[in-house]
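Asker: Predicted structure and sequence below. I'll ask about it afterward.
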2 protein chains.
Amino acid sequence: MKHKNLSVIGCALTIMTAVSPLWASSYNKEPIQPITPVKIVNLGMVELGKKLFFDPRLSKSGFISCNSCHNLSMGGTDNLKTSIGHNWNQGPISAPTVLNSSLSLAQFWDGRASDLKAQAGGPIANPGEMGFTHELAVGLLQTIPAYVAEYTLVFGTDKIDIDGVTEAIAEFEKTLVTPNSRFDQWLLGDENAINSTELAGYKLFKESGCVACHNGEAVGGATYQKMGVVKPYETSSTATGRAGVTGKDADRFKFKVPTLRNVELTYPYFHDGGAATLKEAVDIMGRLQLGKKFTDEEKTKIVAFLKTLTGDQPSFNLPILPPSSDKTPQPKPFS
Amino acid sequence: MKHKNLSVIGCALTIMTAVSPLWASSYNKEPIQPITPVKIVNLGMVELGKKLFFDPRLSKSGFISCNSCHNLSMGGTDNLKTSIGHNWNQGPISAPTVLNSSLSLAQFWDGRASDLKAQAGGPIANPGEMGFTHELAVGLLQTIPAYVAEYTLVFGTDKIDIDGVTEAIAEFEKTLVTPNSRFDQWLLGDENAINSTELAGYKLFKESGCVACHNGEAVGGATYQKMGVVKPYETSSTATGRAGVTGKDADRFKFKVPTLRNVELTYPYFHDGGAATLKEAVDIMGRLQLGKKFTDEEKTKIVAFLKTLTGDQPSFNLPILPPSSDKTPQPKPFS
């Protein structure tokens, strides 16, 4: 039996190589890899996490949900220079996209959360974001019968805790990958998926050194790099980046390299939202990171390439949230 | 041919009567009618309107969309006493649900907009809500190529105007009816759709006089009534209701009777959000509008009935919004 199975597998591999010869050859030699669409996820947990992601009752005001700043209708971000938090607080940094965030080495611009679960708890308890506490959020959810029932099904206990809440949100976020971009189709062997300008832009992107940081499945997200290598970056933002986590002066202005997946949708760019357009972002990156002044034509080509990185956006029914009960504390937006 | 067709129709009517004898008889004699699920709508316009309904770029901040206060995950409202607007402004009134709003005689609590289209333009230009202007909103949409293309398909012109924008939003809102509640199933002849407590609650609701105002397809929404008929309603809200529209002193504190469809989801209640729970709302309505002090048991029964009015919530994919272009003005949340 064992031999028979091995033989079947061997046969399948042979067929795959035979049918799509470009499949293996084309992207293995490229610095960017296609996004793997399938993830092993706990679907029950995903559904619970999806509701929690959209639920503004996780905020003090009852008005701000994860989706407020990581809007899945808008590339998983809010398209603002800096986000709006509780009491219209102006956030210190531009909200990174939640799309493909599972592919990053860590979460937040400074990588202070090691994974999606650790990240999810941050904004809930941040006074300038959702302005709540973990205790109040969990206590509130505990008063909503349908949440308790769903939580019990997923976690085997009716005692909701922040660990389960953030784990469920993270599990939902794992599903937010965006496969099937035109660039991935090209990587997978469809030569007509991108046009000659876009291909020329990709060649420029590689030859100019952009791929040194923007590579892999997420086209970024794998390293921390200093913003302003060749010349300093001028900004009014007070964010110091990775130094705030490590305490090392050498890490000042080092930020996690953002993913370029769906970058067409995730304007404005950089940690301070300082670049309004892709062309401006490419220009600044060239000058400050690579010491290279791209011509207008070169920028146009690179931007054309970058727009081929827009993948299939998450597709699901708008979640319907379970109603509060008579015991649920009322939100306090104005106190 | 004509005779043949008529004969087929006659036959079909006979069959319907024969198969469900309760269908016609049961609800025709009730003061509440089931929601008609099918509406004649322009589907292309609905899809455009759905995107606009979810698009925060119709606000000055780029943060507030129609869905912010009429959240379709939460019964078409924000579940706040009073809504949060631009710059965290505290609104003067509780956001009414957008669900089944097409069934109301007019829009807003004071009926100042004659229809959904007239309503849709209000919040966009209200400094305390979305804080924008019609001119800026339309000008912004005009810079988004995918919106211009979709608008052209729907309206036959590439010149976007506020008339088309609000017409599309209204067309989407027409689809937000919630048929198939358990109470409607009961009205349509399924005697097991509601239990004996719920039925007793409905009988009390009828006998006590609630149906004088809460009747018809929307279980409300058809008349303006004074809040505080038998006794004055105590509130810190400064809203004067219908008088603000008519200028007549007799219309002070007259508000549009809210729909009770999905009332389980649309807490808190009344124009000022003054009642946190359904039980409290029933108690206040009884005392102030009917001069009737319901016992705890009676309130429990009426609330049980009211919860049978929750219908099928709108079900659709979260819309993906077209990205801004390099010409799109950036939002101004903090200026």
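Answerer: Looks like it arrived, so ask away. Everything numeric here is computed off the predicted structure, so don't read it as measured data.

Asker: Enumerate the residues of the stretch 51-200 of chain A near chain B.
Answerer: A:54-57, A:61-63, A:68, A:71-75, A:78-81, A:84, A:87-88, A:90 (CB under 8 Å from any CB of the partner chain). No exception for glycine: its C-beta is placed from N, CA and C like everyone else's.

Asker: Which residue ranges of chain A form strands?
Answerer: A:84-85, A:89-90, A:224-226, A:254-256 (DSSP state E).

Asker: Which among the ones you listed is found nearest to A:K50?
Answerer: strand A:84-85 (22.3 Å; CB to CB).

Asker: What's the nearest residue in chain A when you look at chain B?
Answerer: Nearest to chain B, among the residues of chain A, is A:W88, at 3.9 Å (CB to the nearest CB).

Asker: My read is that that residue contacts B:G85, right?
Answerer: No. Assessed by CB atoms under 8 Å, A:W88 is found out of contact with B:G85, at 10.0 Å.

Asker: just the helices in the stretch 201-335 of chain A please.
Answerer: A:243-246, A:278-289, A:296-306 (DSSP state H, counting those that start in this stretch).

Asker: Check which residues of the last one are buried.
Answerer: If I follow you right, that is helix A:296-306. A:E298, A:K299, A:T300, A:K301, A:I302, A:V303, A:A304, A:F305, A:L306 (16 or more other CB atoms under 10 Å in any protein chain shown).

Asker: Excluding residues flanking it in the chain, which one is nearest A:H214?
Answerer: With sequence-adjacent residues excluded and distances taken as CB to CB, 6 or more residues apart in numbering or on different chains, A:H214 is closest to A:G220, at 4.7 Å.

Asker: so who does that neighbour touch?
Answerer: Residues in contact with A:G220 (CB atoms under 8 Å, 6 or more residues apart in numbering or on different chains) are A:C213, A:H214, A:V257, A:P258, A:T259, A:L260, A:R261.

Asker: Repeat the analysis, applying 10 Å as the threshold.
Answerer: Residues near A:G220 by CB atoms under 10 Å, 6 or more residues apart in numbering or on different chains: A:32, A:100, A:103-104, A:210, A:213-214, A:256-261, A:263.

Asker: Pull the number of nearby residues for the closest residue to A:A146 other than its chain neighbours.
Answerer: Counting by CB to CB, 6+ apart, A:P322 is the residue found nearest to A:A146 once chain neighbours are left out, at 3.2 Å. A:P322 is flanked by 19 other residues according to other CB atoms under 10 Å in any protein chain shown.

Asker: Surely A:P322 and A:D55 touch.
Answerer: Yes. Using CB atoms under 10 Å, A:P322 is in contact with A:D55, at 9.0 Å.

Asker: Overlap of the contact sets of these two?
Answerer: Joint contacts of A:P322 and A:D55 (CB under 10 Å, 6+ apart) are A:L141, A:I144, A:Y147, B:M74.

Asker: In JSON lines, list those residues along with distance to B:A137, pLDDT and neighbour count.
Answerer: JSON lines is the format used below for the shared contacts of A:P322 and A:D55 (distance: CB to CB, whole Å; pLDDT from 0 to 100; neighbours: other CB atoms under 10 Å in any protein chain shown):
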{"residue": "A:L141", "distance to B:A137": "36", "pLDDT": "98", "neighbour count": "22"}
{"residue": "A:I144", "distance to B:A137": "36", "pLDDT": "98", "neighbour count": "21"}
{"residue": "A:Y147", "distance to B:A137": "36", "pLDDT": "98", "neighbour count": "23"}
{"residue": "B:M74", "distance to B:A137": "25", "pLDDT": "98", "neighbour count": "25"}
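
Asker: those helices in the stretch 51-200 of chain A, which residues are they?
Answerer: Under DSSP H, counting those that start in this stretch, the stretch 51-200 of chain A gives helices at A:66-69, A:116-125, A:134-142, A:145-155, A:162-174, A:182-187, A:196-207.
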